[in-house]
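A.B. asks: Structure for this input, please:
(one chain, ligands or ions: 1)
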Amino acid sequence: MGASESISDIKKGDILINENEIHSGKSGKYQIKTILGQGGFGKVVKCMKLDTKEEIAVKIVKNRDDWMNLPVLPCILLLVTTVHAFQYTELAQYVDNHQEEYIEALRDWVAVESDSSNVLKRPDLHRMMEMVAQKLRLMGGTVELVDIGNQELPDGQTLALPKVVTAQFGTDSNKHTVCVYGHVDVQPAKLEDGWATDPYNLTDINGNLYGRGASDNKAPVLAWIHAVEAYRALNMELPVNVKFLIEGMEETGSNGLDAMILAQRDTFFSDVDYTIISDCGWLSRRPALTYGTRGNCYFFAEVEGPKQDLHSGVYGGTVIEPMTDLIGVLDTLISPSGKILIPGIRDAVAPLTDEEWKMYQDIQFDIDNYKNKIGVSQLMYSNKVDLLAHMWRYPTVSIHGIEGAFSDPGTKTVIPAKVTAKFSIRQVPNMDPAMVKKQVIDYLQSVFAKRKSPNKLKVTMVIGAKPWLANTQHPLYEAGKAAVKRVFDMDPDMIREGGTIPIARTFQDVTGKSIIMMPIGGFDDGLHSQNEKISRYNYIEGTKLFIAYLNEVSQINKSTVKWLGGTLVL
Ligand SMILES: C[C@H](N)C(=O)N[C@@H](Cc1c[nH]cn1)C(=O)O
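C.D. replies: The predicted model follows:
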């Protein structure tokens, strides 16, 4: 650019020559990518250094004398102030150099049996929350352990809920603020369930890190923490303010968290621009961004008969058995071909659009691979679109277990006196948990009434988590695509999640802010199952993805670019 041209003429695509900052390596040719703002002292642009492809934002003034408010001399344009430089290579290198420490951190976390569904493990869960808080404190965050009260147990007793950890890094009001949500409680796991290794001793086999909670959700939470830590360790300014919200009850429906978010809407959450959740997985080996989750209505159906368990030889044939009633009722929930039999349940389901059909058609999904992974010879549907739609887009019923039933090895000849079935219905937009609850209870009571049994049926809904759906056109998703491209050099799959993140809808409804789900878990991580794992690759590259994503989010246009006392602040 010639000396005579004015700063206001600078436009996208122009090449700038910086003859200063030779020692910092910042001298050289830059191409302007975006004009970010302009004011009395110059112009701020995002540009790319042509030799290294590094992208930086710089303030351009005519020369340093101009900057110093001295008389203007004829000169060429100079890059004077690097407002914010994204040094991805250094950050990624830092992550590579620290991967063994990251794995040790995961080992420490996996060793804690933070099973939120087992009341006997509650002390471990409390300890887990303390460990999270301590790690964030050691990084210099402003950390709080928020008391969210008690949980009422089915027998009427109360139990303290695990505290929620909040943390904050950076308070610059000129930057975006993101809130990273995650959880550190886990599903139950026992070696005798069929694990090949101790579920609470992280074990590296061929680059896969096996352990309960490794993928769901301890490694992703750690990856976010390590992403922030990398910036700080390298003395690099965080491109956005980062808040953390880490809970310990996700696996049982996030008890107490709705109320906590509501209570802190005007304090902790007041300046949050975006929420990021990494509590899900890819669909294949290709990275993915998730734009929808199913909800979950979880039910207990209890049938109570005689006052105590009975000998099946002595009493069998004379009593109407609770287990027979229960199995009979359960059998009316869903047909063998997967049709939910509860009247009205599918009425609210939003129809699959042609656009969605096309999207599903274009997604890479290997049905044979999927069958092999889970070890079945036949699936409910044989084509890809039907399978994806029934995984993400339609409701389903799953029967999980029967409490009170004889389930030990051996041949106990008992008639259980009271049995409680546990089943859940994954629901989708526009289903409503309150309506589902009514439909299920009315239906099961009517089915039970037809049996004319003297036993008693009690149906309760213990979790009513709503589905969530995002707008994929939101800049958060564009930023996500750019981060995936940078780290993995490919475009992400745009997918939905069959599972539930109970708090997602609350975040959206209470804060009014957008959410993105950015998974790093692999498609074959075995969440909730035996031999859960995360690969070293996903854990480490996932950390880099989060680093890159923070930078991309910082590039989302804020509505105003302010000049403060002559200094441009982005
Ligand atoms: C998707 C997430 N990793 C997860 O597994 N969530 C649980 C949450 C839940 C729902 N009902 C009870 N817990 C899930 O989808 O099962």
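
A.B. asks: Could you pull up the residues touching the nearest residue to Phe488 once chain neighbours are set aside?
C.D. replies: Spatial nearest neighbour of Phe488, excluding adjacent residues (CB to CB, 6 or more residues apart in numbering): Pro287 at 5.1 Å. For the C-beta atoms, the positions are set from N, CA and C on the backbone; glycine is no exception. By CB atoms under 8 Å, 6 or more residues apart in numbering, the contact list for Pro287 reads Val484, Val487, Phe488, Met490, Pro492, Asp493, Leu545.

A.B. asks: repeat that for 7 Å
C.D. replies: Val484, Phe488, Pro492 (CB atoms under 7 Å, 6 or more residues apart in numbering).

A.B. asks: give me the low-pLDDT residue ranges for the stretch 451-570 of the chain?
C.D. replies: Counting by pLDDT under 70, the ranges of the stretch 451-570 of the chain that qualify are 558-570.

A.B. asks: Taking it, what residue is nearest to the ligand?
C.D. replies: Gly499 (3.2 Å; CB to the nearest ligand atom).

A.B. asks: Verify the stated contact: that residue with Thr290.
C.D. replies: No. The criterion here is CB atoms under 7 Å, and Gly499 misses it with Thr290 at 10.0 Å.

A.B. asks: what touches both of these two?
C.D. replies: What both Gly499 and Thr290 touch, as defined by CB under 7 Å, 6+ apart, is the set Cys280.

A.B. asks: out of these two, which sits in the busier spot?
C.D. replies: Thr290 (30 against 18; other CB atoms under 10 Å).

A.B. asks: which SS class is that one?
C.D. replies: strand (DSSP: H, G, I helix; E, B strand; the rest coil).

A.B. asks: Any idea what it is bridged to?
C.D. replies: Ile495, Met517 (DSSP bridges).

A.B. asks: again, but for the one 10 residues further on
C.D. replies: Taking DSSP bridges, one obtains Lys422, Thr460 as the residues bridged to Phe300.

A.B. asks: In this model Lys422 seems to touch it, though I could be wrong.
C.D. replies: Yes. Under the criterion of CB under 7 Å, Phe300 makes contact with Lys422 at 6.0 Å.

A.B. asks: Around the ligand, which positions in the chain sit nearby?
C.D. replies: Taking CB under 6 Å from any ligand atom, the part of the chain that reaches the ligand is made up of 216, 250-251, 253, 279-280, 296, 298, 463, 465, 497, 499-502, 527.

A.B. asks: cutoff 5 Å now
C.D. replies: Residues of the chain found near the ligand, taking CB under 5 Å from any ligand atom as the criterion, are Asp216, Asp279, Asn296, Gly499, Thr500.

A.B. asks: Quick one: residues contacting the first one.
C.D. replies: Right, Asp216. Asp279, Leu527, Glu532.

A.B. asks: Tabulate those in CSV, adding columns for neighbour count.
C.D. replies: Formatted as CSV, these follow (neighbours: other CB atoms under 10 Å):
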residue, neighbour count
Asp279, 26
Leu527, 19
Glu532, 24
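
A.B. asks: so of those, which ones are in strands?
C.D. replies: With strands taken from DSSP state E, there is no overlap with the contacts of Asp216.

A.B. asks: and which of those is nearest Ile334?
C.D. replies: Minimum distance to Ile334 across these is 22.5 Å, recorded for Leu527 (CB to CB).

A.B. asks: Give me the contacts around the helix or strand harbouring Asp368.
C.D. replies: If you go by DSSP states H and E, Asp368 is part of helix 367-374. Defining contact as CB under 7 Å, 6+ apart, one finds that helix 367-374 is touched by Ser377, Leu379, Lys384, Leu387, Asp524.

A.B. asks: Report the mean per-residue pLDDT for it.
C.D. replies: Summarised as a single mean, pLDDT over helix 367-374 is 94.

A.B. asks: Show me what counts as buried in it.
C.D. replies: Tyr370 (16 or more other CB atoms under 10 Å).

A.B. asks: tell me how far it is from the chain's mean position?
C.D. replies: 24 Å (CA atoms, centre = their mean, to the nearest Å).

A.B. asks: following it, which helix or strand comes up?
C.D. replies: helix 384-392.

A.B. asks: So which elements touch that next one?
C.D. replies: helix 354-362 (3 or more CB pairs under 7 Å, 6 or more residues apart in numbering; DSSP states H and E).

A.B. asks: which residue sits closest to the residue of the stretch 301-450 of the chain found nearest the ligand, ignoring its sequence neighbours?
C.D. replies: Among the residues of the stretch 301-450 of the chain, Ser424 lies closest to the ligand, at 6.4 Å counting by CB to the nearest ligand atom. In this structure, Ser424 finds its nearest non-sequential neighbour in Tyr298, 4.3 Å apart by CB to CB, 6+ apart.

A.B. asks: Check the burial of that neighbour by counting its neighbours.
C.D. replies: Tyr298: 21 neighbours (other CB under 10 Å).

A.B. asks: quick one: contacts of the stretch of helix or strand it belongs to?
C.D. replies: Using DSSP H and E, the element containing Tyr298 is strand 295-304. With contact meaning CB under 7 Å, 6+ apart, strand 295-304 is reached by 253, 322, 325-326, 329, 418-427, 431, 433, 436-437, 440, 444, 455-467, 500.

A.B. asks: for stretch 444-451, same thing?
C.D. replies: Ala301, Asp325, Gly328, Val329, Thr332, Leu457, Val459.

A.B. asks: And the next helix or strand past the strand or helix carrying Ala105?
C.D. replies: Secondary structure assignment for Ala105, by DSSP H and E: helix 99-110. Once the chain leaves helix 99-110, the next helix or strand it forms, by DSSP H and E, is helix 122-138.

A.B. asks: following the helix or strand where the residue of the stretch 301-450 of the chain closest to the ligand lies, which helix or strand comes up?
C.D. replies: Ser424 is located in strand 418-427, with elements delineated by DSSP H and E. The helix or strand immediately downstream of strand 418-427 is helix 433-451, counting by DSSP H and E.

A.B. asks: Tell me the buried residues in that next one?
C.D. replies: Pro433, Met435, Val436, Lys437, Gln439, Val440, Ile441, Tyr443, Leu444, Val447, Phe448.

A.B. asks: Mind putting these into CSV with distance to Pro188 and pLDDT?
C.D. replies: Shown next, in CSV, are those (distance: CB to CB, whole Å; pLDDT from 0 to 100):
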residue, distance to Pro188, pLDDT
Pro433, 24, 97
Met435, 31, 98
Val436, 25, 98
Lys437, 25, 98
Gln439, 29, 98
Val440, 25, 98
Ile441, 27, 98
Tyr443, 30, 98
Leu444, 26, 98
Val447, 30, 98
Phe448, 30, 98
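
A.B. asks: where's the nearest residue to Arg486 once chain neighbours are set aside relative to Glu532, distance?
C.D. replies: In space, Arg486 comes closest to Ala548 once its chain neighbours are excluded; the distance is 4.8 Å by CB to CB, 6+ apart. In this view, Ala548 and Glu532 are 26 Å apart by CB to CB, to the nearest Å.
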